[in-house]
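**Student:** the following comprises the amino acid sequence and a computationally predicted model.
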Amino acid sequence: MVSWWWVRHGPTHRRDMNGWTDVPADLSDSAALARLAAYLPQDAPVISSDLSRAITTADAIQESRGRLPHERALREIHFGAWEARSFDAVQEEDPRLIRRYWEQPGDVCPPGGESWNELCTRVNRAVDWLTGEAGHVIAVAHFGTILSQVQRARGCTAYETFAQSIDNLSVTRLDWDGQRWREGEVNQIP
């Protein structure tokens, strides 16, 4: 059995379509970080996406745990031309495309960005490669990255998955039994 302990990075306080834009996390809540670090398995290595908000969150909870190299494939979805823009601005520019993007997630993608299915393929490939025979992995990543793995474990549609909250500094545990992914806890705040 392998358990992936997914941690969403600390808050950025941004209210835009922030995917690959490298912005810092607010890690001022040291009590929340201490609770999170204590909640996670002590014998698990820590990996993060290569974006600074994930790296610094991983640094804050690592303690004596081992560290794997940052993994670019664990990045958030790439919003392309919509990157770092407000939802309202994108809605005003192309209301039909953004509506399809949210209501029919799958192959619809922003101009120059990636679709939900492309995100899932990218993350699945990295997780499959990093999953060993037994043990735990702590992965500090992003909303979309974590949701892609929740969808995988649940076997549901992307649209159904979008209803799931993944809060900053929350834990989502997914287990691999050698045959399939199973949902443990989702969006747990320690």
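**Tutor:** Done, it's in.
**Student:** now that Ala126 has come up, it's in contact with Pro69, right?
**Tutor:** No - counting by CB atoms under 8 Å, Ala126 does not reach Pro69; the two are 11.7 Å apart. Where C-beta positions appear, they are placed from N, C-alpha and C, glycine not excepted.
**Student:** neighbour count winner among these two?
**Tutor:** Ala126 (20 against 8; other CB atoms under 10 Å).
**Student:** mind listing what's buried in the lengthiest helix in the chain?
**Tutor:** Secondary structure assigned by DSSP state H gives helix 116-130 as the longest helix of the chain. Buried positions in helix 116-130, judged by neighbour count with 16 or more other CB atoms under 10 Å: 116, 119-120, 122-124, 126-127, 130.
**Student:** so which of the residues you listed is the closest to Tyr159?
**Tutor:** Trp116 (9.4 Å; CB to CB).
**Student:** the closest one contacts Glu103, doesn't it?
**Tutor:** No - counting by CB under 8 Å, Trp116 stays clear of Glu103, with 11.7 Å between them.
**Student:** overlap in contacts, those two.
**Tutor:** When CB atoms under 8 Å, 6 or more residues apart in numbering defines a contact, no residue borders Trp116 and Glu103 alike.
**Student:** how about Trp20: what's its closest non-neighbour residue?
**Tutor:** Leaving aside its chain neighbours, Trp20 sits nearest to His78 (5.0 Å; criterion: CB to CB, 6 or more residues apart in numbering).
**Student:** list the contacts of the one you found.
**Tutor:** Neighbours of His78 in contact, by CB under 8 Å, 6+ apart: 19-20, 113-114, 119.
**Student:** taking these one by one, which sit in helices?
**Tutor:** Within these, residues falling in helices by DSSP H are Leu119.
**Student:** show me which pair in the contacts of His78 is furthest apart.
**Tutor:** Trp20 and Leu119 (11.3 Å).
**Student:** what secondary structure does Thr56 sit in?
**Tutor:** helix (DSSP: H, G, I helix; E, B strand; the rest coil).
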